[in-house]
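**Student:** from the sequence below, what's the structure:
(chains A and B)
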2 protein chains.
Amino acid sequence: MARNNSLDMTSAEFTRIGNQLLEWLANYLDHSERFPVATKVEPGSIRKKLPLTPPLHSEPMENILLDFENIIVPGLTHWNHPSFMGYFSISSSKPAILGELLSAGLNVNGMLWKTSPAATELEEVVLGWLRQALGLPPAFHGTIHDTASTSSLVAMAAARESLRLGIREKGIAGRDLRPLTVYTSEHAHSSIERAAMILGIGQENVRKIPVDDSFKMNPDELREALVNDKKAGNMPCCVVATVGTTSTTSIDPVNAIAEICEDFGVWLHVDAAYGGIAGMVPSMRWVLDGCEKADSIVVNPHKWLFVPIDCSVLYCRRPEVLRKTFMLVPEYLRTDDRDVTNFMDYGIALGRRFRALKLWLVFRYFGMEGIVERLQHHISLAQKLRSWIGSHPSFEIMAPSPFSVVCFRCVPQEWRSRSEVMTEPINQLNLRLLEAINESGELFLSHTKLNGRISLRLAVGNLQTTEQHVTAAWGVIQRIYGRMQDAVRELSIPG
Amino acid sequence: MARNNSLDMTSAEFTRIGNQLLEWLANYLDHSERFPVATKVEPGSIRKKLPLTPPLHSEPMENILLDFENIIVPGLTHWNHPSFMGYFSISSSKPAILGELLSAGLNVNGMLWKTSPAATELEEVVLGWLRQALGLPPAFHGTIHDTASTSSLVAMAAARESLRLGIREKGIAGRDLRPLTVYTSEHAHSSIERAAMILGIGQENVRKIPVDDSFKMNPDELREALVNDKKAGNMPCCVVATVGTTSTTSIDPVNAIAEICEDFGVWLHVDAAYGGIAGMVPSMRWVLDGCEKADSIVVNPHKWLFVPIDCSVLYCRRPEVLRKTFMLVPEYLRTDDRDVTNFMDYGIALGRRFRALKLWLVFRYFGMEGIVERLQHHISLAQKLRSWIGSHPSFEIMAPSPFSVVCFRCVPQEWRSRSEVMTEPINQLNLRLLEAINESGELFLSHTKLNGRISLRLAVGNLQTTEQHVTAAWGVIQRIYGRMQDAVRELSIPG
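**Tutor:** This next block holds a predicted model:
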């Protein structure tokens, strides 16, 4: 059939511009060090360079890409920079970037099996691979969501439905129901509390179970909280354990927690968004001990499995409860297909991008061997850094580092003997250190607060990060700390 | 600094493979007609071709891409095919595909302003452009979410919070709260009911307001439902009007509904995911009449604004309520930045892809003129088709077509005089017609049910779709209908 393609960009232009962008990206990824890790732009300064009203006329792509390079790029924080070590470095890889290009080009919507059978079946196969790689039993059914916030919300909604209170049909209000309660450690990710807010459970019904010295949930305290709520007539709905908390990457004792959940008949959800991926490394398999007993577990390939954001996987041992919670098929999406998975029945979003493709490319391009090697490499870089920091007289390690994140702070030697009374000055000093590090443009870190103590977080997870970068990072930290003697004097309290 | 990039694909390979993929995609997009629109694969047949266990060793990209072409592509439903006219054709464009490539390559996470200022500010600017293009006042604050299901859930959560019942803090249970109620037309998208399930409102508290002959919500019935619920002591939480329903693209009378919402002090959310985009066309601006009075409104650029899935925009006139509903800042994300937007405070997900980039490319590459021209073109193609179908003696139009979707069915001439008693045979005949059309591989349609009558839906929205395709589509429908005389005899009931 004759074609008139004038309504879209021509193919010649698409490949020409596309090739330029690939070259630009290759150069960017190889040399992101030419940019400061964190941009120094002032709030509003990007906005000011862009017109307030939409462009009336079509513009050549070349002009638009000049603006991209001159206005947008300088205003980015460069997550690809090998010295971006804040938060969890969102790890990506070139094969997965190409996977996103293909997904965008195909632009299929995997809501139903029928709307793209290969998208659904590839998701099933690749999530089967990941499940096996994590050592989870076949009963766990996987679904890809955007982020762990969504995955955990979906899991907690299913937990609520598993109480068989008819909440799907009748809602919660006007029914004389006792408060629903959720249990998680005081170090759990904010998404758990946010999910409780959304689900109508309420912040006050989130029991933040205290942690031990290494920031792990105390199971005795969990049991006590459950006993108290049962006594009060409340309805425990869900316990959320964490494998790799966001602050310190601590690992809750999932086995002990699972036992308690069984005793009380409560849904166990495990947030292993970051830490779970490490379970692919045979010597790290223990981090997922007990997770096979969970009702649901979330792991995020976009956190540490070399795919660009977004890609979060929720595994659930009770997929029928997910369907009971979410399934709602309008006439226009009704199909007669048997023995197929319609992923729209397992979560919030109806429309679904073809995210399995990038994950498939990563599994095949690197292979399990290659993935494990890379994860081990990140862990070993972090462990080196930890040993360097730990042996410096003006620094101290603030938490165990089972994965590739190190929490530390500086404590001037002369303050060390009275570090308790000096907590506030030490906090101030560490915030200033963080600010100065991030302003250097050479390194980017983030922070947290542990028992009232500001701690700096250094996360390794980027394929571009080598031992040289980790060495350089430690050099930057020491150098900038060395320049802070004025601040030390200023903040000091006579002892 | 010397670099060791061996942990990722080399840049040389990245650009080489990337160029091949661009060529492949260009060819695919230009010639997607060489594929049947909908694949004919059997359930499980893709899965069977893929190994059950994860690959141990790294494989060359060439091998992987052969499997992509030989196993994955034949199992896809080709949404890019110019004769894909089911659901809402998810419109995309080549500049936006390149935008996705860039976003994946940059891989920034726009959760906080600080984590990539340009990502946040570009989102603000581009959503400002879209807002103006839709004729909405500046008070509307925009945020990009993945899909309209999420946008509407976020809006309805804010509506619930706006009741000032302290649900965020205290939850819903154990508080002697009267039932919360939601109002939407019986033709609303399933995501509204699903959001009510998630929010603990419950399906039974979703009042499905009857529609008039043209499938628009009846405002008198809405008022009556509100009066009844108030009388019963229930707590009306949210009214959801639709501009472009999924079945027939009907437009609820938003002005009248807004007046009622004001009378009752109830949050008005407008689901304009598909239809709202048409408001960019000056002669179609009326479709958004009254939306300026809404509290929130969702429009989906991935439905009809030439960006790949996903990209849904929620505009909200009360952004402070969104923050009150969702904001929760853990220590590790606390910043001192003033006068900035931290988009993570406005919804469910914490991590956020850089989706504004593709939308920016579309606005600039096509310009407002070009966008409007393309939307008009789609509408005019659909209107032509509507007139052809409407004048055929064996077909009838089932609903008004204000946008680019046509609902119709076949009714054999000999059945026409007694079409009421023949409803079931006519339904069967139309389902068979749909099945035969989709099996032809030449055209893909979907269906809905209107007052008990199966209706076929034909949606135009793809930049590749020309008048020739629409003409061909009508040819396919007539040809296949012509072959169904056996079915007509078989299904006929003696009259």
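
**Student:** would you mind naming what in the stretch 151-300 of chain A lies close to chain B?
**Tutor:** A:153, A:157, A:160, A:167-180, A:189-191, A:193-194, A:196-205, A:234-235, A:246-247 (Cβ under 8 Å from any Cβ of the partner chain). Any C-beta I mention is one placed from the backbone N, CA and C, and that applies to glycine too.

**Student:** just the residues you listed: which are in helices?
**Tutor:** A:153, A:157, A:160, A:167-170, A:190-191, A:193-194, A:196-198 (DSSP state H).

**Student:** before we move on, back to that, from the residues of the stretch 151-300 of chain A next to chain B, which would you call buried?
**Tutor:** Buried members of those, counted by 16 or more other Cβ atoms under 10 Å in any protein chain shown: A:153, A:157, A:160, A:167-168, A:170-174, A:177, A:179-180, A:189-191, A:193-194, A:196-203, A:205, A:234-235, A:246-247.

**Student:** picking that back up, in TSV, list the ones in helices among the residues of the stretch 151-300 of chain A next to chain B along with distance to A:Phe366 and pLDDT.
**Tutor:** Shown next, in TSV, are these (distance: Cβ to Cβ, whole Å; pLDDT from 0 to 100):
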residue	distance to A:Phe366	pLDDT
A:Leu153	31	98
A:Ala157	34	98
A:Arg160	38	98
A:Ile167	43	98
A:Arg168	41	97
A:Glu169	46	97
A:Lys170	49	98
A:Ser190	32	96
A:Ser191	29	97
A:Glu193	36	98
A:Arg194	33	98
A:Ala196	37	98
A:Met197	39	98
A:Ile198	36	98
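
**Student:** ok, the residues you listed vs A:Gly367, which is closest?
**Tutor:** Proximity of these to A:Gly367 (Cβ to Cβ) peaks at A:Ser191, which lies at 31.9 Å.

**Student:** touching, the closest one and A:Val154? I think so.
**Tutor:** No. In this structure, A:Ser191 is not within contact of A:Val154 by Cβ atoms under 8 Å, at 11.2 Å.

**Student:** look through chain A and tell me its longest helix.
**Tutor:** Assigned via DSSP H, chain A shows its longest helix as helix A:356-390.

**Student:** and that one with chain B, contact?
**Tutor:** Yes. Counting by Cβ under 8 Å from any Cβ, chain B is contacted by helix A:356-390 at A:357, A:360-361, A:363-370, A:374, A:377.

**Student:** and the residues you listed as CSV, adding neighbour count and pLDDT?
**Tutor:** As requested, the residues of helix A:356-390 next to chain B are exported to CSV (neighbours: other Cβ atoms under 10 Å in any protein chain shown; pLDDT from 0 to 100):
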residue, neighbour count, pLDDT
A:Leu357, 26, 98
A:Trp360, 25, 98
A:Leu361, 26, 98
A:Phe363, 25, 98
A:Arg364, 25, 98
A:Tyr365, 27, 98
A:Phe366, 26, 97
A:Gly367, 17, 98
A:Met368, 18, 98
A:Glu369, 12, 97
A:Gly370, 20, 97
A:Arg374, 21, 97
A:His377, 17, 97
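
**Student:** A:Phe403 belongs to a strand, doesn't it?
**Tutor:** No. The assignment for A:Phe403 by DSSP: H, G, I helix; E, B strand; the rest coil gives coil, which leaves it out of any strand.

**Student:** so what pLDDT did it get?
**Tutor:** Per-residue confidence (pLDDT) for A:Phe403: 97.

**Student:** look up how far A:Val460 lies from it.
**Tutor:** Distance from A:Phe403 to A:Val460, counting by Cβ to Cβ, to the nearest Å: 9 Å.
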